[in-house]
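In: Sequence and computational prediction follow.
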Amino acid sequence: MFKIKEVSKSGIRRGILKTAHGVLETPFYMPDATRAYIKLTSNNEIQQTGTKALVVNTFHLYLQPGLKIIEAAGGLHKFMNWSGPLLSDSGGFQVFSLIHKNPRLGKIEDDKVTFKSPIDGSSHELTPEKSIQIQFALGVDMMVCFDDCPPNEFSRLDLELAVKRTISWAKRCKKEYLRQINKRKLSGLKRPLLFAVIQGGAELDLREYCAKELVKIGFDGYGFGARPVDEKGNFLEEVLRKTAEYIPESAIRFALGVGTPEDIIRCAKMGWDMFDCVIPTREGRHGKLFLNSQSFNFTNININNAKYSQDFSAINSKSKIYDLKKLTRSYLHHLFKMNEALGQKLASLNNLEFYQNLLNKLRK
RNA sequence: GUGCCUAUGGUGUAAUGGUAACACAGCAGGUUGUGGUCCUGUUAUCAAGGGUCCGAUUCCCUUUAGGCACC
């Protein structure tokens, strides 16, 4: 259940989203715990960054460890000992990026997708129904419709086809979703939220059409599909702005895969409410640290740079995390030069704390 | 001490009588519904001296350093 409390002058929608595992204030950012963990960290450490909710992935968890184990553990929350809200991504993006990268790894058809597991090469099939069933088995608080996610640079015809499939699959997802909540007698707060994803590449009329058709079906929220940047890495400002406008004000807006701190601020001002992105953790693992979130002026450093080899100042003097406050940049530089996982973990935690602080400011 | 072998960027290795290539390492970029393993750029080398030759990193000699064998 989503309610907007106020909209700031700059357009930021401050509201609350109630889930079975807690209330989230918008706008908010969720790190990607794709395989039910944020690489290198424990959930206890993640909580120290101010993180309230996590994104997990249907595709990855279905392949490993598999549903039997997660169900036997009593659901994903218990399995990974996370008491806050969880959102599962449908696996659409993963399957399509896999197939678009290497067509031999799978086949997209109008009624289903077949693909080979990147883990052991075994063949699998995903349908909209199956994706929803898996997400119910995971027991998450928020789920996403299985969508056809085309790269933005696809031809007009291919984009149209992907939009058509995304809409038809969203219908099937909704139907299966209703069947599941009836069967499981889930209502009120226990009912997981279901989000649809708007596709259409950079073609605004396709985005608009896709959004309208999805709204006719009716969902708790609507997401922005495909990468939010073009091939050169330029942010698709206009596409994001317009797509937000195509979504009813009462629905929550989920900008999937967004983004850099700059992109998140821009999107929040356009009225996007929720975000997830690999940037803080992935770039952290590669040595980039986001700093200075006390004001909106922030910067980033590459701790691998030789100039940090003798920098004995704190990694992040403003951090609430003990190690980030006490350990020096010189030491972190050394950890990275040694390719030590502890360094990558500290950088990941620093960046997640930075992101949560940034979103905190957007909510004030 | 004698004999043989080797000497190419920071490291490990190529090739070649017409001034040198590759991999790591180094330096620096990139990463947007997850690549810890990825991508891109970039710095840097013929042990020293002499000889042959139009021209030597390459062939010859000496020195130096290392390895192996013998005494």
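Out: Received it, and whenever you're ready, just let me know what you need. Numbering: from 1, shown residues only, chains lettered A, B, ... in the order given.
In: Can you give me the buried ones in stretch A:54-69?
Out: By neighbour count on 16 or more other CB atoms under 10 Å, the buried set for stretch A:54-69 is A:54, A:55, A:56, A:57, A:58, A:59, A:60, A:61, A:62, A:63. (Glycine included, C-beta is placed from N, CA and C.)
In: what secondary structure does residue A:129 sit in?
Out: What DSSP: H, G, I helix; E, B strand; the rest coil gives for residue A:129 is helix.
In: Skipping adjacent residues, who's closest to it in space?
Out: residue A:176 (4.4 Å; CB to CB, 6 or more residues apart in numbering).
In: Run through the residues of the stretch 201-350 of chain A sitting next to RNA strand B.
Out: Taking CB under 7 Å from any atom of the strand, the part of the stretch 201-350 of chain A that reaches RNA strand B is made up of A:223, A:225-229, A:233, A:235, A:256-260, A:263, A:276-279, A:281-283, A:285-288, A:302, A:304-307, A:309, A:337, A:341, A:344.
In: Give me the buried entries from the residues you listed.
Out: When neighbours are counted using 16+ other CB under 10 Å, these contain these buried positions: A:223, A:225-229, A:235, A:256-260, A:263, A:276-277, A:279, A:281, A:283, A:285, A:287-288, A:344.
In: quick one on the thing from earlier: what's the host helix or strand of the residue nearest to residue A:129 packed up against?
Out: Counting by DSSP states H and E, the element that carries residue A:176 is helix A:156-183. Here helix A:156-183 touches helix A:128-138, strand A:193-198, helix A:204-217, going by 3 or more CB pairs under 8 Å, 6 or more residues apart in numbering; DSSP states H and E.
In: Run the angle between it and helix A:128-138 for me.
Out: Angle between the axes of helix A:156-183 and helix A:128-138 is 50 degrees (criterion: axes from the mean of the first three to the mean of the last three CA atoms, to 10 degrees).
In: list the buried ones in helix A:156-183?
Out: For helix A:156-183, the buried set under the neighbour-count rule, 16+ other CB under 10 Å, comprises A:159-167, A:169-174, A:176-177, A:180.
In: quick one, what contacts residue A:354?
Out: A:261, A:280, A:290, A:291, A:293, A:298 (CB atoms under 8 Å, 6 or more residues apart in numbering).
In: Roughly how far does it sit from residue A:172?
Out: 39 Å (CB to CB, to the nearest Å).
In: Contact partners for the residue nearest to residue A:236 when sequence neighbours are not counted?
Out: Distance criterion CB to CB, 6+ apart; nearest residue to residue A:236, sequence neighbours excluded, is residue A:228 at 5.7 Å. Residue A:228 is in contact with A:235, A:236, A:239, A:240, A:255, A:257, A:258, A:259, A:263, A:267, counting by CB under 8 Å, 6+ apart.
In: which non-adjacent residue is nearest the residue of chain A most remote from its centre?
Out: Relative to the centre of chain A, the most outlying C-alpha is that of residue A:310, 36.6 Å out, by CA atoms, centre = their mean. The spatial neighbour of residue A:310 that comes closest, neighbours along the chain excluded (CB to CB, 6+ apart), is residue A:330 at 5.7 Å.
In: neighbouring contacts of the lowest-mean-pLDDT helix or strand in chain A?
Out: Least confident helix or strand, chain A: helix A:92-101 with a mean of 84, by mean pLDDT, DSSP states H and E. By CB under 8 Å, 6+ apart, the residues outside helix A:92-101 that reach it are A:57, A:59-60, A:105-108, A:113, A:115, A:118, A:126, A:131, A:144-151, A:197, A:225, A:256-257.
In: tilt between it and helix A:156-183?
Out: What separates the directions of helix A:92-101 and helix A:156-183 is an angle of 150 degrees, with the same axes, to 10 degrees.
In: Walk me through which strands the following helix or strand past helix A:92-101 pairs with, and which way each runs.
Out: Scanning forward in sequence from helix A:92-101 by DSSP H and E, the next helix or strand is strand A:106-108. Each strand that pairs with strand A:106-108, with its direction, by DSSP bridges: strand A:113-116 (antiparallel).
In: does RNA strand B sit close to the partner strand?
Out: No: judged by CB under 7 Å from any atom of the strand, strand A:113-116 makes no contact with RNA strand B; its nearest approach is 12.6 Å.
In: What mean pLDDT does that strand get?
Out: The average of the pLDDT scores along strand A:113-116 is 90.
In: And for stretch A:289-309?
Out: Averaging the model's pLDDT scores along stretch A:289-309 yields 86.
In: in it, what's buried?
Out: Those would be A:289, A:290, A:291, A:293, A:298, A:301, A:303, A:308, for stretch A:289-309 by 16+ other CB under 10 Å.
In: got the contact list for the closest residue to RNA strand B within the stretch 101-250 of chain A?
Out: Residue nearest to RNA strand B within the stretch 101-250 of chain A (CB to the nearest atom of the strand): residue A:149, separated by 3.0 Å. With contacts defined as CB under 8 Å, 6+ apart, residue A:149 is in contact with A:92, A:93, A:96, A:97, A:162, A:197, A:199, A:225, A:226.
In: Can you check the pLDDT for the last one?
Out: Same thing as residue A:226. 94.
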